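Student: Build me a model:
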Amino acid sequence: MNDKNTVIVIGLGRFGQSVCRRLVALKQEVVAVDRNMHRVEEVADIVDLAAQVDATDEEAMIKVGAKEANVAIVAIGENIEASILATSILRGLDVKHIIARAQSSLHARVLAQVGAHRVIFPERDMGIRIAENIVFPWLSEFAALPGSSYLVGSIEAKEEMWGKTLAELNFRQRYNLTVLLLERKGTKLIPSPDTVFQEGDVLTVIGEREDIDKLKSL
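Tutor: This is a model prediction of the structure:
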């Protein structure tokens with residue numbers, strides 16, 4: 001995708017509005033639509049285009065520019081039929097990337113069948129995230145790699161690493177993590193096998209959550 005996408009957000013409840021505001025903050029071009037005029041008015045001042053549209057009306061979607069969007073986010077909440085129809089219409093308009101919000105596993109399967117490239121469960125995912133942040137407080141400092149269970153983030157070199165090289169530590173086998181970058185006194189470098197770790201070094205690592213937690217706990 002280009003750095004700047006044209007994103008159409010369909011359904012302007014709390015989730016849809018939150019998506020719009022974040023996309024605007026990230027300097028994306030945003031088209032926001034909903035059947036409810038009051039919801040449309042709530043985001044009209046911040047997005048590029050806000051319109052009262054029935055997302056199950058293909059002609060109306062074409063007029064509002066859905067066909068030109070790089071990304072479509074079907075954020076419709078409880079109206080499962082409307083979310084399915086809107087997703088199907090978007091796929092028929094050849095929108096490159098369609099993200100649809102699901103209410104259940106069955107709903108998710110149907111959305112995938114009618115053309116959603118990605119299905120999300122905002123409430124479920126947020127609940128999981130909150131629970132995990134309680135058990136793993138450091139988790140908010142790491143980013144998940146899309147489509148995998150790997151996390152990427154920074155961790156300070158542990159005392160047992162000081163004065164030893166990457167090779168001497170046998171880092172990959174010892175910690176089951178890979179060091180991508182090392183920051184030392186504001187300077188960033190890609191470590192080699194003979195790089196000697198020092199106190200205060202900050203390592204950017206990639207790996208599974210459980211292995212990062214073990215290292216964090218040392």
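Student: E132 and K216, how far apart?
Tutor: 14 Å (CB to CB, to the nearest Å). For every residue, glycine as well, the C-beta is placed using N, CA and C.
Student: Would you mind telling me which of those two has more residues around it?
Tutor: Neighbour count, other CB atoms under 10 Å: between E132 and K216, K216 has more, with 17 against 13.
Student: Ignoring the adjacent residues along the chain, who's closest to the more buried one?
Tutor: W138 (5.3 Å; CB to CB, 6 or more residues apart in numbering).
Student: Doesn't that neighbour belong to a helix?
Tutor: Yes - counting by DSSP: H, G, I helix; E, B strand; the rest coil, W138 is part of a helix.
Student: Can you get me a residue count around it?
Tutor: Around W138 there are 16 residues (other CB under 10 Å).
Student: likewise R21?
Tutor: Counted with other CB under 10 Å, R21 comes out at 14.
Student: So in the chain, where's the weakest helix or strand by average pLDDT?
Tutor: helix 122-135 (a mean of 81; mean pLDDT, DSSP states H and E).
Student: quick one: contacts of it?
Tutor: Helix 122-135 has contacts (CB atoms under 8 Å, 6 or more residues apart in numbering) with 15, 101, 139-140, 209.
Student: Show me what secondary structure element comes after that helix.
Tutor: Downstream of helix 122-135, the next assigned helix or strand under DSSP states H and E is strand 143-144.
Student: Can you identify each of the strands in this structure by residue range?
Tutor: With strands called from DSSP state E, the chain shows them at 6-10, 29-34, 49-52, 71-74, 97-101, 118-120, 143-144, 150-156, 178-184, 187-189, 202-208.
Student: now the first one, how far from the centre of its chain.
Tutor: Computed by CA atoms, centre = their mean, to the nearest Å, the separation of strand 6-10 from the middle of its chain amounts to 16 Å.
Student: if we can go back for a sec, so which of the contacts of helix 122-135 comes closest to R174?
Tutor: R209 (17.6 Å; CB to CB).
Student: Burial check on that closest one, number of neighbours?
Tutor: Neighbour tally, R209, other CB under 10 Å: 17.
Student: what's the spacing between it and R118?
Tutor: 21 Å.
Student: cool, and K214?
Tutor: Taking CB to CB, one finds K214 at 31 Å from R118.
Student: So L151 sits against L145, correct?
Tutor: Yes - with contacts counted by CB atoms under 8 Å, L151 reaches L145, the gap being 7.2 Å.
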